[in-house]
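# I would like to see how this sequence folds:
(chains A and B)
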Number of protein chains: 2
Amino acid sequence: MVAIQDLYDEKFSHCYGCGKSNPEGNQLKSYVGNGETLARFLPKPEQTGGVPEHAYGGLIASLFDCHGAASAAAFDYEATTGSLGENSQLKRYVTASLKVEFLRPTPMGEEIMIRGKCRSIDGRKVWVDMEISVGGDVCAKAEMLAIQLKQQTS
Amino acid sequence: MVAIQDLYDEKFSHCYGCGKSNPEGNQLKSYVGNGETLARFLPKPEQTGGVPEHAYGGLIASLFDCHGAASAAAFDYEATTGSLGENSQLKRYVTASLKVEFLRPTPMGEEIMIRGKCRSIDGRKVWVDMEISVGGDVCAKAEMLAIQLKQQTS
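Model prediction:
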């Protein structure tokens, strides 16, 4: 199964949050299947919030941002072209707006699950609903409007 | 002039985005004056977005998150107690919701300005409006609802 971010054109693969060409970054990998997207992430020890036991809010927002943009690209591809494969040429999406609701602290030391679902697609716009959970507890929810970049390299 | 985050109780000062007790983090410093809050941040070279010339979206959200929570604490203090000083005992605020609108890419290699204004205060809730600009161009806007933590150490 191929990660959505690994299908980004090399030109667009430098994101600190999820780019394969950014060795110092978080390298988030998102996957699509059964109509939804999924990513897993274990926070680095220094990515704490105000108290050492919880992840910092900016990390939660960052995971939603990268996962949402990847989800938009995958949902668009599957709606217009077919199942994603290792030779799929994705269109790159960027975030227009992101709203995050923090429902409870996200604990450190455990794998974070990020799930995404497509709410709707309208031309170059994709709306994605997401949630973050740890051990089955939903810690945060988000909604994103992602827009397809006009300039593509190929 | 004292940074708002430097007034957080030691127990709450471990945030990767802005905590004085997190040496590997971004160490964002926010200041209050003339009814608004201000912070400046120069992205690290690796904090790029999809393309190397722009900052990644998660960084933008993270700057808003830390600056907004600091702004809420400062606005609450100044509304209830008086001008912030180096001995002020702040109440710690956390983010309940954060909505970010990305208006244009945020360039790398230049200082980012983050401004915050108080929209309203209602008991333990503070609403903060923010914007991020580089060289006078507004790159992103945000609105936050921050809530005062109930448990305080002192």
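# Only C-alpha atoms from now on, for both contacts and neighbour counts.
Fine.
# quick one: the most far-flung residue of chain A relative to its centre from chain B, how far?
Distance from the C-alpha centroid of chain A peaks at residue A:51, with 25.2 Å (Cα atoms, centre = their mean). Using Cα to the nearest Cα, to the nearest Å, we find residue A:51 at a distance of 5 Å from chain B.
# Wait, a helix at that residue?
No - secondary structure of residue A:51 (DSSP: H, G, I helix; E, B strand; the rest coil): coil, not part of a helix.
# what's near enough to touch it?
Residues near residue A:51 by Cα atoms under 8 Å, 6 or more residues apart in numbering or on different chains: B:11, B:12, B:13, B:14, B:15.
# change it to 6 Å
B:12, B:14 (Cα atoms under 6 Å, 6 or more residues apart in numbering or on different chains).
# mind listing what the closest residue to residue A:71 other than its chain neighbours touches?
Among residues not flanking residue A:71 along the chain, residue A:37 sits closest, at 6.1 Å (Cα to Cα, 6 or more residues apart in numbering or on different chains). By Cα under 6 Å, 6+ apart, the residues touching residue A:37 are A:31, A:115, A:116.
# Next one: the residue farthest from the centre of chain A from residue B:24, what distance?
As for residue A:51, its distance to residue B:24 is 15 Å (criterion: Cα to Cα, to the nearest Å).
# And for residue A:133?
26 Å.
# The two: who's more crowded?
Higher neighbour count among residue A:133 and residue B:24: residue A:133, with 19 against 13, using other Cα atoms under 10 Å in any protein chain shown.
# mind checking pLDDT for that one?
pLDDT recorded at residue A:133 is 98.
# Residue A:65: neighbouring residues, count only.
30.
# how much space between it and residue A:104?
Distance, residue A:65 to residue A:104, using Cα to Cα: 19 Å.
# how much space between the residue nearest the centre of chain A and residue B:6?
Centroid-nearest residue in chain A, with Cα atoms, centre = their mean: residue A:67, separated by 0.3 Å. According to Cα to Cα, residue A:67 stands 33 Å off from residue B:6.
# what about residue A:39, distance to residue A:56?
For residue A:39, the distance to residue A:56 equals 18 Å [Cα to Cα].
# Between these two, tell me which one has more neighbours.
residue A:56 (28 against 20).
# burial measure for residue A:3, as a count.
Neighbours of residue A:3 under the rule other Cα under 10 Å: 19.
# Tell me if I'm right that it and residue A:33 touch.
No - in this structure, residue A:3 is not within contact of residue A:33 by Cα atoms under 6 Å, at 11.0 Å.
# what does chain A have sitting close to chain B?
Counting by Cα under 6 Å from any Cα of the partner chain, the residues of chain A close to chain B are A:12-16, A:47-51, A:56, A:58, A:62, A:96-102.
# Of the residues you listed, select the buried ones using a ChimeraX command.
To isolate the buried ones among the residues of chain A next to chain B in ChimeraX, judged by 16 or more other Cα atoms under 10 Å in any protein chain shown, type:
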select /A:12,13,14,15,16,47,48,49,50,56,58,62,96,97,98,99,100,101,102
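# and residue A:23, that one's in a helix?
No - assessed with three-state DSSP, residue A:23 is coil; it does not lie in a helix.
# Now the phi/psi pair for it, please.
Main-chain torsions, residue A:23, degrees, to the nearest 10: phi -70, psi -20.
# what sits against it?
Here residue A:23 is in contact with no residue (Cα under 6 Å, 6+ apart).
# Before we move on, what's the pLDDT of it?
Residue A:23 is assigned 96 on the pLDDT scale.
# try residue A:1
Note for residue A:1: predicted pLDDT of 89.
# Distance check, it against residue A:85.
Distance from residue A:1 to residue A:85, counting by Cα to Cα: 8 Å.
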